[in-house]
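Enquirer: Structure here, sequence nowhere to be found:
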């Protein structure tokens with residue numbers, strides 16, 4: 001029988017070794033030092049090894065814990081549900097008390113990864129804030145202490161569609177290629193591989209769990225043999241290639257959820273326009289074409305005329321949103337959020353809600369919620385209009401018809417980051433961050449011109 005083919009992910013032999021003796025860890029512990037100290041004997045680290053560590057340990061040392069003042073089960077369950085809400089970007093499916101959700105990391109999993117196992121009865125563990133960064137930090141720490149070049153995989157336990165039972169999957173990767181992509185190669189029968197991609201990091205995670213497990217108190221394992229020459233293939237992508245992009249996801253929602261969205265969309269197209277819808281038409285109509293371009297303005301008005309439900313996110317064809325560029329009191333900087341779904345720096349904003357009476361109300365509410373600043377002075381006339389494709393909390397590709405406003409923060413205002421942001425910072429007019437939305441510089445120019453007028 002022939003051996004592995006060059007360039008394939010398969011290897012001739014694989015060894016999986018537990019790292020024992022680490023014991024319980026607490027916030028602030030040095031994980032790299034613990035692994036370096038206890039990876040002894042057969043598990044002594046070598047170049048090309050992959051260190052596999054459960055996310056629970058990473059979360060503990062990084063302080064990603066919810067600590068309650070009581071171990072009352074009801075209080076703990078209430079805190080767990082609140083933590084799931086905070087970590088959820090969108091609900092994929094819900095049956096009874098079980099929620100399958102997408103987290104801010106892009107992961108689809110039960111309960112947003114909020115875990116009550118292997119922690120004290122008064123604690124809950126959240127997923128690491130940035131599992132790829134956690135993996136890289138551990139990799140660098142092991143290099144510094146032991147002089148070895150290893151890969152690191154951070155894992156978490158997940159269910160699987162159409163299959164019973166749980167397996168460990170990779171949520172953080174450093175130092176190795178997470179997905180092997182042999183597409184375009186030819187198999188032994190002459191067939192060209194067209195769709196085959198192998199989730200190598202997930203396979204490593206599952207293999208390592210066979211010597212770890214939840215009950216054995218072994219949070220770390222070493223997988224050896226993937227790089228016989230001591231050099232792991234690494235495309236530098238971390239874990240991101242493991243997350244299926246929205247356009248390629250054929251099962252974006254659970255059956256009941258998809259049917260509910262369809263019903264809401266069909267019913268919404270027949271409903272009478274809301275007060276908010278009427279205000280949106282008046283707001284857009286009042287704008288001068290020179291402020292936004294006549295074509296965009298007419299596109300907004302045409303869409304509003306066609307869709308009485310255009311103000312609500314259930315309108316799959318697209319929906320109006322409201323955003324605000326918040327400027328500091330001395331007019332030198334703008335407040336931007338690093339959006340968890342889009343992955344770019346944006347002005348503050350979001351969807352309209354049933355309680356909003358005007359588009360300006362929606363913009364003000366979103367700006368205050370996302371900035372944590374209670375006193376904002378909004379210009380009632382929008383700066384401009386923008387239409388962009390997006391996969392928002394609706395969970396499917398759609399369009400945002402965004403009405404964009406300008407606001408001044410009050411003197412002494414201190415922003416407070418909400419659960420809807422990965423980061424929140426002031427940036428100077430001429431010092432916008434890398435990764436800012438492409439339309440942001442033009443919006444800033446419009447704001448400066450209005451403030452100078």
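Expert: Received, thanks. The shown structure was predicted, so the numbers you read here are calculated from the model rather than taken from an experiment. Numbers count the residues shown, from 1 in each chain.
Enquirer: all contacts plus neighbour counts: C-alpha atoms, from now on.
Expert: Noted.
Enquirer: what ranges do the helices span in the stretch 1-150 of the chain?
Expert: 31-38, 55-61, 73-87, 131-146 (DSSP state H, counting those that start in this stretch).
Enquirer: okay if I get those as a markdown table plus distance to residue 421, mean pLDDT and mean neighbour count?
Expert: A markdown table is the format used below for the helices of the stretch 1-150 of the chain (distance: least, CA to CA, whole Å; pLDDT from 0 to 100; neighbours: other CA atoms under 10 Å):
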| stretch | distance to residue 421 | mean pLDDT | mean neighbour count |
| --- | --- | --- | --- |
| helix 31-38 | 27 | 97 | 18 |
| helix 55-61 | 19 | 96 | 24 |
| helix 73-87 | 11 | 92 | 16 |
| helix 131-146 | 17 | 96 | 19 |
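Enquirer: CSV for those helices, including distance to residue 422?
Expert: Compiled in CSV, these are given as follows (distance: least, CA to CA, whole Å):
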stretch, distance to residue 422
helix 31-38, 24
helix 55-61, 17
helix 73-87, 11
helix 131-146, 14
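Enquirer: Which one of those helices lies nearest to residue 324?
Expert: helix 73-87 (22.8 Å; CA to CA).
Enquirer: hmm, which helix or strand of the protein has the shakiest average pLDDT?
Expert: Ranked by mean pLDDT, DSSP states H and E, the weakest helix or strand in the chain is helix 255-268, scoring a mean of 67.
Enquirer: check contacts around the residue lying closest to residue 203 once chain neighbours are set aside.
Expert: Setting aside the residues directly before and after it, residue 203 is nearest to residue 169 in space (CA to CA, 6 or more residues apart in numbering), at 7.5 Å. Shown in contact with residue 169 (CA atoms under 8 Å, 6 or more residues apart in numbering): 155-158, 201-203, 205-206.
Enquirer: Tell me the confidence at residue 214?
Expert: pLDDT, residue 214: 66.
Enquirer: same check, this time on the one 5 residues further on
Expert: Looking at residue 219, its pLDDT reads 95.
Enquirer: if we can go back for a sec, of the contacts of residue 169, closest to residue 134?
Expert: Nearest member of the contacts of residue 169 to residue 134, counting by CA to CA, is residue 155, at 11.3 Å.
Enquirer: any idea which element that closest one lies in?
Expert: strand 151-160 (DSSP states H and E).
Enquirer: One more: residue 388?
Expert: strand 384-391.
Enquirer: Can you show me the helices along the stretch 301-450 of the chain?
Expert: Counting by DSSP H, counting those that start in this stretch, the helices of the stretch 301-450 of the chain are 359-371, 440-452.
Enquirer: for the ones you listed, which one sits closest to residue 179?
Expert: helix 440-452 (33.4 Å).
Enquirer: quick one: low-confidence ranges for the stretch 251-400 of the chain?
Expert: Scanning the stretch 251-400 of the chain with the threshold set as pLDDT under 70 gives 261-272, 291.
Enquirer: Just put the helices of the stretch 301-450 of the chain in CSV and tack on mean neighbour count and distance to residue 64.
Expert: CSV is the format used below for the helices of the stretch 301-450 of the chain (neighbours: other CA atoms under 10 Å; distance: least, CA to CA, whole Å):
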stretch, mean neighbour count, distance to residue 64
helix 359-371, 24, 22
helix 440-452, 15, 33
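Enquirer: any chance of those in JSON lines, plus distance to residue 106?
Expert: Shown next, in JSON lines, are the helices of the stretch 301-450 of the chain (distance: least, CA to CA, whole Å):
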{"stretch": "helix 359-371", "distance to residue 106": "20"}
{"stretch": "helix 440-452", "distance to residue 106": "24"}
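Enquirer: among these, which is nearest residue 28?
Expert: Per CA to CA, nearest to residue 28 of the helices of the stretch 301-450 of the chain: helix 359-371, 29.4 Å.
Enquirer: helices and strands around that closest one, which ones?
Expert: Counting contacts by 3 or more CA pairs under 8 Å, 6 or more residues apart in numbering; DSSP states H and E, helix 359-371 is packed against helix 275-286, strand 319-327, strand 348-351, strand 376-378, strand 397-409.
Enquirer: Go through the ones you listed and name the closest to residue 441.
Expert: That would be strand 319-327 among these, by CA to CA, at 11.2 Å.
Enquirer: Mind listing the strands the closest one pairs with, and their directions?
Expert: strand 333-338 (antiparallel), strand 348-351 (antiparallel), strand 397-409 (parallel) (DSSP bridges).
Enquirer: Pipe the ones you listed into TSV and attach mean neighbour count and distance to residue 248 per row.
Expert: Compiled in TSV, the strands paired with strand 319-327 are given as follows (neighbours: other CA under 10 Å; distance: least, CA to CA, whole Å):
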stretch	mean neighbour count	distance to residue 248
strand 333-338	22	24
strand 348-351	24	24
strand 397-409	22	11
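Enquirer: need those strands in JSON lines with distance to residue 421, can you?
Expert: As requested, these are exported to JSON lines (distance: least, CA to CA, whole Å):
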{"stretch": "strand 333-338", "distance to residue 421": "6"}
{"stretch": "strand 348-351", "distance to residue 421": "10"}
{"stretch": "strand 397-409", "distance to residue 421": "19"}
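Enquirer: Any idea which of those gets closest to residue 286?
Expert: Using CA to CA, the nearest of the strands paired with strand 319-327 to residue 286 is strand 397-409, at 12.6 Å.
Enquirer: now that closest one: how far from the chain's centre is it?
Expert: On the basis of CA atoms, centre = their mean, to the nearest Å, strand 397-409 is displaced by 21 Å from the centre of the chain it belongs to.
Enquirer: Checking my notes, residue 202 in a helix, right?
Expert: Yes: Residue 202: assigned to a helix according to DSSP: H, G, I helix; E, B strand; the rest coil.
Enquirer: wait, it sits on residue 173?
Expert: No: applying CA atoms under 8 Å as the test, residue 202 and residue 173 come out as separate, 10.0 Å apart.
Enquirer: who has more neighbours, the two?
Expert: residue 173 (30 against 24; other CA atoms under 10 Å).
Enquirer: Distance of that one relative to residue 203?
Expert: Using CA to CA, to the nearest Å, we find residue 173 at a distance of 13 Å from residue 203.
Enquirer: With residue 224 instead?
Expert: Counting by CA to CA - residue 224 and residue 203 are separated by 13 Å.
Enquirer: before we move on, what about residue 417?
Expert: 36 Å.
Enquirer: Going by how many neighbours each has, rank residue 224 and residue 203 and give me the top one.
Expert: The residue with more neighbours, out of residue 224 and residue 203, is residue 224; 22 against 16, by other CA under 10 Å.
Enquirer: which residues does the more buried one contact?
Expert: 14-16, 48-50.
Enquirer: farthest pair in the residues you listed?
Expert: 16 and 48 (13.2 Å).
Enquirer: Report the buried members of the contacts of residue 224.
Expert: Buried by 16 or more other CA atoms under 10 Å: 16, 48-50, out of the contacts of residue 224.
Enquirer: okay if I get those residues as a markdown table plus distance to residue 312?
Expert: Shown next, in a markdown table, are those (distance: CA to CA, whole Å):
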| residue | distance to residue 312 |
| --- | --- |
| 16 | 51 |
| 48 | 52 |
| 49 | 51 |
| 50 | 47 |
